[in-house]
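Visitor: sequence and computational prediction follow.
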Amino acid sequence: MSMHCDNCKSDRILSVSGKVSDSCYLQFEDETYEGYVPGKLNIGSDDYLDMEICMDCGKVQGKYPIDVKFN
């Protein structure tokens, strides 16, 4: 299945996935988070990191900007 970048329309998309159980660690500005992957950040959810990255322009696929709130 061929996917195209939602920014530059390139078809050079890297799919990234990994199981982290409940040990995901995130830092944004002065806030940190440890636990399950938050579902509203376009990086996966629950026990899984899952994202697509354009290898031409570097954009993580999905709608941005996102209001980042860990709690």
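Guide: Nice, I can see it.

Visitor: against C24, how distant is D30?
Guide: 18 Å (C-beta to C-beta, to the nearest Å). Placement of C-beta: from N, CA and C, glycine included.

Visitor: more neighbours: which of these two?
Guide: Neighbour tally, D30 and C24, criterion other C-beta atoms under 10 Å: the higher count belongs to C24, 19 against 5.

Visitor: now do M1, the pLDDT please.
Guide: According to the prediction, M1 has pLDDT 63.

Visitor: residue contacts, the most centrally placed residue in the chain?
Guide: Centroid-nearest residue in the chain, with C-alpha atoms, centre = their mean: I43, separated by 2.2 Å. Contact partners of I43, counting by C-beta atoms under 8 Å, 6 or more residues apart in numbering, are V37, L49, D50, M51, V60.

Visitor: pull out the buried members of those residues.
Guide: Neighbour-count burial (16 or more other C-beta atoms under 10 Å) applied to these gives V37, M51.

Visitor: could I get the contacts of I43 as JSON lines with secondary structure, pLDDT and distance to V20?
Guide: Formatted as JSON lines, those follow (DSSP: H, G, I helix; E, B strand; the rest coil; pLDDT from 0 to 100; distance: C-beta to C-beta, whole Å):
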{"residue": "V37", "secondary structure": "strand", "pLDDT": "94", "distance to V20": "6"}
{"residue": "L49", "secondary structure": "strand", "pLDDT": "96", "distance to V20": "6"}
{"residue": "D50", "secondary structure": "strand", "pLDDT": "96", "distance to V20": "10"}
{"residue": "M51", "secondary structure": "strand", "pLDDT": "96", "distance to V20": "13"}
{"residue": "V60", "secondary structure": "strand", "pLDDT": "95", "distance to V20": "17"}
